[in-house]
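Peer 1: Need coordinates for the following:
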Amino acid sequence: MLAERAARALWLPVSLALIAAALWAFDLHTRLPGDAALWVAGGFALAILVSLGIGLWRFRWPAWAEAVARLDRTLPGRPLATLTDHQAINAGDPASAAIWEAHRARMSAAAARARAVGPKPQLARRDPYALRLVALTAAAVAILFAVPGQQGPLAGMPGAAGAAIGPSWEGWIMPPGYTDRPGLYLNEIERDSFEVPQGSRVVLRFYGAPGALTLEQSLDEGVRADESGQALEFDARRSGRIEIDGPNGRAWDVAVAADALPQITADGAMTRARGGVAEQVFTATDDYGVQSGEAVITLDMAALDRRYGLQVDPEPRDPLRLALPMPMSGARDSVTETLREDLSLHPWANMPVRVVLTATDAAGQTGESPPSTTLLPGRRFFEPSARALIELRRDLLWSRENARRSAMLMRAMLHRSDNAFLFRGAPAMIRGAVAFIETRLDDDSFTPEARDELAQDLWDLALLIEEGELANARERLQRARDRLDEAMERGADPAEIQELMDELREATRDYMEMLAEQMPDAEPEQGDQRDMGGEDEGQTVTQSQIQEMMDRIQELMEEGRMEEAAELMAQLNALLDNLQMQRGEGGESMPGGEAMEGLGDTLGDQQSLADETFEQLQEQFGDEGQDGQQSQPGEGEQDGEGSQPGEIGKDTEQALQELAERQRALRERLRDQQLEDLPGEGTAEGENGLTALEEANRAMERAAEALEQGDMRGALERQAEALDALREGLREFRDAQTADRREQQGSEGEQQTEGQGTGRDPLGRELGSEGQQGEMGSTLPGENPRARARELMDEIRRRLAERERSEDERDYLDRLIEPY
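Peer 2: Modelled structure (predicted):
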């Protein structure tokens, strides 16, 4: 423990000192200008002193009791703590005393097998960037190779000296880094011709007397040379010949492979997702990989309906340019991604536009997609007054010449407008907007900045009117239900039904989150169950079942079965009206509780991801494909052995790529959670939990790779492994948490009176928080305590029923089972 705490206190200052020594050994101070070396040295000295002071301030000498507890945690049953216990009840009973002595003898034997515990400083959790390893590597390199003060004598060696130690010439061809092609050493190339990528750099070094060797080349327009003319460089821009004339001269015919232009295409038209977010699926390819992309959007004036506020000439606006998303890792020779951008606030929202996608490779070459025409997606408004304000906002952004007309129309909106707005403050805000416009027009100060400020205010006001003045999430939920009911009654179009159904889903989720916030002590059951509190008390409905009901309602409406949809909607409304969060038992949180909750959320998200992967497998193969049978004609020749990347459709491939990205994001979240304060640090349970989390991490990585390759069966297997490892890790951490809680309660148990001894078993061990109801805490790590308790009770009852056993033994068994 002393070694552990010393390592934790000193690893940072020692690492900084090693890095500073390595930099000094390589003469960094002689290469810095002016007083920069003193500033760097002072910075290192200050950092070392501060880190050393903080480490020594946090250092605590290990106590004897801590060492005993540390050793005890490594032994099964924690015998050292048991040997310090005293019999709590029935100490005067000879039979009970004999059992207690037998128990102490067994614990003494277990304590005799104790062995010293090795240090585990766990510096990796405190040094996530491996600074200590960098420092050790730098120190080792400095010891092996650095000679302070002797780093620069060989620099600038003259050509004659070079000729004495090497060939008369040397040459290299270095392809561009983005090609991932290896460099070529011309001295070792025996063939007369070879091929290199376009843009490769040719470097030649001549040794000996100047002019003894000459160069002839036709790959570039000119050659760059140093002052001596012995170091030459040029680029391979076109196919040609390189010839070195002189002693040991050589010549090659060089074919330069041209870098192809990147290609990019839009996979379908730009669509509008929930909330008015624009989505554009695209595919970009390049021989060496796409570096970046851009969507250039221009207004399609020819397709625009130039009526009302659009009759005047528009103010000039630059094309809208959106950066296309690119994968953070992996190959970029073929990229299929989805551009997502909320363009609702743009002046061109819901107007016809022309979209051109561009892709740029590492060489700076740009390829374009054919232009496509579409309506620029934006948020839709259903309230007439909100829709009118958005149209007036559009007219103002179109041209400031519409300001007077917009003020007049807003005045018309206020005529006989009592109770016409869902938001009660709307009339006052509209009057303020009218006054703002007229005042600025009168004093000629209606500038573009003032216009943009007014446009933002109109947008915010439209949102308030559209959403209504909702005091809490329940009012928003009721609003969404009313609007959906109204749309069902008047037979709205599918697009509006989809929008309102998405709004209802979001409102339901927000309402459940509100209930959780109002009941901080609530502990939802597995599957996020909620007590609906209906006629059948105790009936629970999960959030996923509510979502299934919503999906079924939407499906019925799309099929035109409005009566059945209305009936199911009434059932859903009844459930939502009675929605109540199921309360759990309170209690003080133990160390690591928040980290355990985070791991539980990760487990739930991983389960959801596995479910979606399985649904993708079902959609591709169908039930017959899953059984390994051949698909029907026209459905693809799949044999059920596992999907291959080239055998799936574009939609499925895109879905798998999205699942792979989510899997990698979930893996990164798990890695961050591994660095948090988890229960059981330094115990066997805690180490087992960390090992299980590492196994889950590796399984998630393999699952993401399988998804990227289109192997859904392999991905499901890896995701199942990750789920098992996560559950194992959670179980180990719970056992460690239970042990810590038992130790905490044990330290406080000496203050309890003998009359409170009903919370202990016959051997004086603590029961769980509900021990009086017969639910014991987990005294056997790794086992389900309730299942284990049932097994023990069944075994006691079985032995109690055996009449051939002695009276004393049966009496003892009867006393064991009597309290329960």
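
Peer 1: Report the mean confidence score over the helix ranked longest in the chain.
Peer 2: In the chain, with assignment by DSSP state H, the single longest helix is helix 712-748. In this model, helix 712-748 carries a mean pLDDT of 78.

Peer 1: helices or strands next to that helix in the packing?
Peer 2: helix 593-626, helix 650-674, helix 684-708 (3 or more Cβ pairs under 8 Å, 6 or more residues apart in numbering; DSSP states H and E). Every C-beta, even on glycine, is put in place using the N, C-alpha and C of the backbone.

Peer 1: Ranking those by mean neighbour count, which comes first?
Peer 2: Ranked by mean neighbour count, those are led by helix 684-708 with a mean of 21 (mean count of other Cβ atoms under 10 Å).

Peer 1: related to what we said a few turns ago, among the helices and strands packed on helix 712-748, which comes closest to residue 730?
Peer 2: Minimum separation from residue 730 across the helices and strands packed on helix 712-748 (Cβ to Cβ) falls at helix 593-626, 5.8 Å.

Peer 1: Just list what the closest one packs against, helices and strands only.
Peer 2: Applying 3+ Cβ pairs under 8 Å, 6+ apart, we find helix 593-626 packed against helix 650-674, helix 684-708, helix 712-748.

Peer 1: Just the angle for that helix relative to helix 712-748, thanks.
Peer 2: Between helix 593-626 and helix 712-748, the angle comes out at 150 degrees (axes from the mean of the first three to the mean of the last three Cα atoms, to 10 degrees).

Peer 1: Measure how helix 593-626 sits relative to helix 684-708, angle-wise.
Peer 2: 40 degrees.

Peer 1: tell me the mean pLDDT for helix 593-626?
Peer 2: Helix 593-626 comes out with an average pLDDT of 73.

Peer 1: element containing residue 318, please.
Peer 2: Per DSSP states H and E, residue 318 falls between elements, in no helix or strand.

Peer 1: what about stretch 195-207, how long is it end to end?
Peer 2: 27 Å (Cα to Cα, to the nearest Å).

Peer 1: Please apply the same query to stretch 120-134.
Peer 2: End-to-end distance of stretch 120-134 (Cα to Cα): 20 Å.

Peer 1: Now do the buried residues in it.
Peer 2: 123, 131, 132 (16 or more other Cβ atoms under 10 Å).

Peer 1: again, but for stretch 430-445
Peer 2: 430, 433, 434, 436, 437, 438, 440.

Peer 1: Doesn't the third one lie inside a strand?
Peer 2: No - using DSSP: H, G, I helix; E, B strand; the rest coil, the assignment for residue 434 is helix, not a strand.

Peer 1: Now do the same contact list for it.
Peer 2: For residue 434, the contact set (Cβ atoms under 8 Å, 6 or more residues apart in numbering) comprises 407, 410, 411.

Peer 1: Pick the one among those closest to residue 57.
Peer 2: Nearest member of these to residue 57, counting by Cβ to Cβ, is residue 410, at 65.5 Å.

Peer 1: before we move on, which element is that closest one in?
Peer 2: Residue 410 is part of helix 403-413 when elements are defined by DSSP H and E.

Peer 1: Pull the residues that contact that helix.
Peer 2: Counting by Cβ under 8 Å, 6+ apart, 309, 385, 388-389, 392, 395-396, 430, 433-434, 437-438, 440-441, 446, 451 sit against helix 403-413.

Peer 1: let's see it at 7 Å
Peer 2: With contact meaning Cβ atoms under 7 Å, 6 or more residues apart in numbering, helix 403-413 is reached by 309, 385, 388, 392, 395-396, 430, 433-434, 437-438, 441, 446.

Peer 1: just curious, which of those is nearest to residue 736?
Peer 2: residue 385 (59.3 Å).

Peer 1: mind checking how far that closest one is from residue 458?
Peer 2: 12 Å (Cβ to Cβ, to the nearest Å).

Peer 1: Repeat that for residue 282.
Peer 2: Residue 282 is 33 Å from residue 458, by Cβ to Cβ.

Peer 1: Name the nearest residue to residue 286, ignoring sequence neighbours.
Peer 2: What sits nearest to residue 286 in space, not counting adjacent residues and going by Cβ to Cβ, 6 or more residues apart in numbering, is residue 262, at 3.9 Å.

Peer 1: How about the contacts made by the one you found?
Peer 2: 284, 285, 286, 290, 359, 360, 361, 365, 367.
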